[in-house]
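1. Turn this into a model:
(one chain, ligands or ions: 2)
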Amino acid sequence: MYDKVVTAPRMISWYGDSGRPERRSNPDWPLELLQIRERVEKETHINFNAVLLNLYRDGTDGVGWHSDKTSSSNKDMNIASVTFGETRLFRLRHKTLKHIAPIEIPLHHGTFLLMAGHTNTYWEHQVPKTARPVLPRINLTFRQVREA
Ligand SMILES: O=C(O)CCC(=O)C(=O)O
Ligand SMILES: [Fe+2]
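-> Residues are numbered from 1 along each chain as shown. Ligands and ions are numbered 1, 2, ... in the order given. As a prediction, the model looks like this:
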């Protein structure tokens with residue numbers, strides 16, 4: 001979408017409710033995805049209308065430092081992340097306050113992570129590649145996509 005930097009490979013797929021201007025949107029959400037979205041919405045009391053699926057096939061897949069923006073007009077939106085499969089490290093670093101140590105969160109199978117409000121305004125995140133032999137990991141990020 002408007003994400004900044006994507007340096008490492010991974011397999012990507014998008015679903016979004018119909019009525020969105022976005023060309024990549026696919027309104028035909030599989031039942032399983034709808035069920036996961038429902039669970040996430042129940043947990044957060046936030047509605048999401050799009051999801052980005054990432055498949056990290058092995059340790060050579062990852063995503064470089066970036067922040068997520070789901071609309072050019074509103075940078076402060078909630079992004080809900082759900083992880084399946086292999087545990088991979090999720091790192092956060094503050095964009096300007098360099099004295100704040102980066103935060104490292106191992107995202108295990110079934111982990112739910114919410115990047116709420118201003119998180120993506122002030123922080124970048126990455127999933128680093130790893131030399132460890134790792135199994136595939138799927139990550140879903142539910143997003144609130146609005147017209148710019
Ligand atoms: O795989 C993850 O945990 C994060 C994915 C991500 O940052 C993104 O798709 O924007
Ligand atoms: Fe991201």
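
2. contacting residues around the residue in the chain positioned nearest to ligand 1?
-> In the chain, the residue that lies nearest ligand 1 is Asn139 (3.4 Å; Cβ to the nearest ligand atom). Quick note: C-beta positions are derived from backbone N, CA and C, even for glycine. Listed by Cβ atoms under 8 Å, 6 or more residues apart in numbering, the contact set of Asn139 reads Leu53, Asn54, Tyr56, Ser81, Val82, Thr83, Phe84, Leu107, Val127.

3. Most neighbours of all the residues you listed, which one?
-> Within the contacts of Asn139, Tyr56 tops the neighbour count with 26 neighbours, counted by other Cβ atoms under 10 Å.

4. Can you tell me the closest non-neighbouring residue to that one?
-> Excluding its sequence neighbours, the residue lying closest to Tyr56 (Cβ to Cβ, 6 or more residues apart in numbering) is Arg137, at 4.4 Å.

5. Next, that neighbour: phi, psi?
-> Main-chain dihedrals, Arg137, degrees, to the nearest 10: phi -130, psi 140.
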